[in-house]
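Undergrad: Coordinates for the following, if possible.
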Amino acid sequence: MSGSEATAQSARWLTSFGEALQRQDMTAILALFGDESYWRDLVSFTWNIVTVEGRAGIRSMLAATLAQVKPTTVAIEGTPRTTNGITEAWFTFDTCNGRGKGHVRLRDGKAWTVLTTLQELKGFEEKRGATRPLGTVHGAIRGRETWSDRRTMEEAALGYSQQPYCLIVGGGQGGIGLGARLKRLGVPTLIIDKNERPGDAWRKRYKSLCLHDPVWYDHMPYLPFPDHWPVYTPKDQMGDWLEAYTRLMELNYWPSTACRAASFDAARGEWTVVVERNGERVELRPKQLVLATGMSGVPHTPNYPGADSFRGMQHHSSRHPGGEGFAGKKCVVVGSNNSAHDIAADLWEYGAEVTMLQRSPTLVVRSESQQQHGRSLYSEEAVQAGITTDMADLTVASIPYRLVPQFQIPVCRKIQDADAPFYQRLRHAGFMLTFGEDESGLGPMYLRRGSGYYIDVGASELIADGRIKLKSGVTIERLTEDSVVLSDGTSLAADLVVYATGYGSMNGWAAALISPEVADAVGPCWGLGSGTNKDPGPWEGELRNMWKPTAQEALWFHGGNLAQSRHYSRYLALQLKARMEGIPTPVHRGMIHTAS
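TA: Sure, this is the predicted structure:
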């Protein structure tokens, strides 16, 4: 299909779609969708993050939302394109409360996938460009209040004489990015973090740590990294960037502050949150509480028999300070995912004798291969082609999670073929490999379980040639004073044991800070319900409890990698702003239906 034909087909479909939506003509709307069809909505129709499947699912969602949303002004944006018989087009639309952007894939003239996203709220648009603030009042004014005066007063008041509307617990990149979104929307927000400075969550890790994802994937909202920034950001440089970002975006950030307890008063619609700030007990009363502790919960540290008698050092990977001081020492790293590989390599670099205990198969993909084949939308080539970060984010979001494996299986096969010698060397060393139960690779495994993989930045080579020793398919039976005894009857002399054994669900923080009952009511965070290993069903169609309303009123979870935190912080911020302004937000829970 030529470009003009793709444009004409897309324009016809979008015109019919817009007119049918405005008439609320369910029959006409459903006639535009194929037998296999998906509609993913990010807040614009559902005040939720929902994917519905098939005509029955679409009918259910629209029956519950159309009358309140009142969509209008559907218009094509940009130039549609056709690849392998699929025509893709971008469009804009209005609702009674906001403006949105969408994407459609047409197959045989019918919609296969539709994405709708809320981009801004009418009457509460971010001030930017022509509407940016002046910043001063010209003229000679006695007693002038300067920017510095206003910031000082705001920082002194928030949390004391003025309560924040939103409290964000966790001041890493996720909490900081969300705080920036809320600041731009005029939502009084306070971010708290136990560390002494913004960025310390990165600074306090082992010295050799760098981001495994490339710079184009890792931008923060509003302030992208400059074009000289390294492809893989060293952890201390990332820490400094986050600290500077906090100042430049004028965020209200309390370091050295630990959250001790939280409870919700449904009658007042208000949280009581007890924090300890620099040794002082402070009681906060926000309307909304966001746990922005990454995508992980409480560290999981196994308690093996004999651990109390072990005379060496042992700690969870989250507490590993680095390999200094371990030269010549015998070190055992329990686990074989990202942290385990990074720590094993770090210890080896400092001259330690390292053994990795691999308990189950691990997905490994070379960083360069993942970038070349799996993340081409986030690259210098994409930038030169005019693909902005927002366009890349929305393109990724336009693929319903049900279809992600279908899109990724060919990518995974291409990587396996290109790197066949690399994988053969790992297998020869005894390393147990997997590419997912359906051979769909890194992306689906990350979404399903958030673990089980390593993006190789060098440790695999050390394993393949034996510089990092490997014991695979074994577990620890017990510890002695100076060794680790394994399930195959062998033992490893050890001066250090690092437990790179992962984390629980994010709702573990809710259990610790609020109550186990609230955590149980909310349920697990992350995972799709795919029925694969560590992602039990039923099928959810979206990541559980992430960036959307939960079973506990006014409790939200924000996390994920840098790209997810950047993109989904927009939708979480808009949900919070709408509630602050009293905009009705009837939440459609999104009953999932298979194809009709």
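
Undergrad: who does the longest helix seen in the chain touch, helix- and strand-wise?
TA: Longest helix in the chain, counting residues (DSSP state H): helix 3-23. Packed against helix 3-23, as judged by 3 or more C-beta pairs under 8 Å, 6 or more residues apart in numbering; DSSP states H and E, are the following elements: helix 26-30, strand 72-83, strand 86-94, strand 98-107. Heads up, the C-betas are built off the backbone N, CA and C, glycines and all.

Undergrad: what would those look like in CSV with distance to residue 574?
TA: Written out in CSV, the entries for those read as follows (distance: least, C-beta to C-beta, whole Å):
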stretch, distance to residue 574
helix 26-30, 25
strand 72-83, 19
strand 86-94, 15
strand 98-107, 8
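
Undergrad: how much space between residue 383 and residue 241?
TA: Residue 383 sits at a distance of 19 Å from residue 241 (criterion: C-beta to C-beta, to the nearest Å).

Undergrad: Between those two, tell me which one has more neighbours.
TA: Neighbours around residue 383 and residue 241, counted as other C-beta atoms under 10 Å, are more numerous at residue 241. The numbers are 20 against 14.

Undergrad: Contacts only, for that one.
TA: Remark: with contacts taken as C-beta atoms under 8 Å, 6 or more residues apart in numbering, residue 241 is in contact with 199, 220, 225, 233.

Undergrad: Return the member of those nearest to residue 25.
TA: residue 220 (42.4 Å; C-beta to C-beta).

Undergrad: Just give the closest residue to that closest one, not the sequence neighbours.
TA: In this structure, residue 220 finds its nearest non-sequential neighbour in residue 177, 5.3 Å apart by C-beta to C-beta, 6 or more residues apart in numbering.

Undergrad: picking that back up, ranking the contacts of residue 241 by neighbours, who comes first?
TA: Ranking these using other C-beta under 10 Å puts residue 199 first, with 26 neighbours.

Undergrad: Now do the contacts for that one.
TA: If you count contacts by C-beta under 8 Å, 6+ apart, then residue 199 has 238-243 around it.

Undergrad: before we move on, what about residue 547?
TA: The contact partners of residue 547, by C-beta under 8 Å, 6+ apart, come to 49, 556-558, 568-569, 571-572.

Undergrad: Tell me which of the residues you listed fall in helices.
TA: Helix and strand membership here follows DSSP H; of the contacts of residue 547, those in helices are 568-569, 571-572.

Undergrad: where does the stretch 1-150 of the chain dip in pLDDT?
TA: Low-confidence regions of the stretch 1-150 of the chain, defined by pLDDT under 70, span residues 1.

Undergrad: neighbours around residue 154, how many?
TA: The burial count assigned to residue 154 is 13, neighbours taken as other C-beta under 10 Å.

Undergrad: isn't it right up against residue 252?
TA: Yes: with contact taken as C-beta atoms under 8 Å, residue 154 and residue 252 are classed as touching, separated by 6.8 Å.

Undergrad: before we move on, back to that, name the nearest of the contacts of residue 199 relative to residue 41.
TA: Closest approach to residue 41 among the contacts of residue 199 (C-beta to C-beta): residue 242, at 31.3 Å.

Undergrad: That closest one - nearest residue in space that isn't next to it in sequence?
TA: When the adjacent residues along the chain are set aside, residue 242 lies closest to residue 199, with 3.9 Å between them (C-beta to C-beta, 6+ apart).

Undergrad: And residue 208, by the same measure?
TA: Beyond its immediate neighbours in the sequence, the residue positioned closest to residue 208 (C-beta to C-beta, 6+ apart) is residue 346, lying 4.9 Å away.

Undergrad: can you list contacts of the longest helix of the chain?
TA: Helix 3-23 is contacted from outside by 1, 28-29, 32, 66, 71-76, 79-82, 87, 89, 91, 93, 104, 106, 109, 111, using C-beta under 8 Å, 6+ apart.

Undergrad: now do stretch 513-529
TA: Around stretch 513-529, the neighbours that count as contacts under C-beta under 8 Å, 6+ apart are 169, 259-264, 291, 295, 297, 401, 447-450, 505-508, 510-511, 534-546, 550-552, 555, 557, 559.

Undergrad: Please apply the same query to stretch 377-384.
TA: Under C-beta under 8 Å, 6+ apart, the answer for stretch 377-384 is 214, 216-217, 371, 376, 387, 389, 391-392, 395-396, 563.
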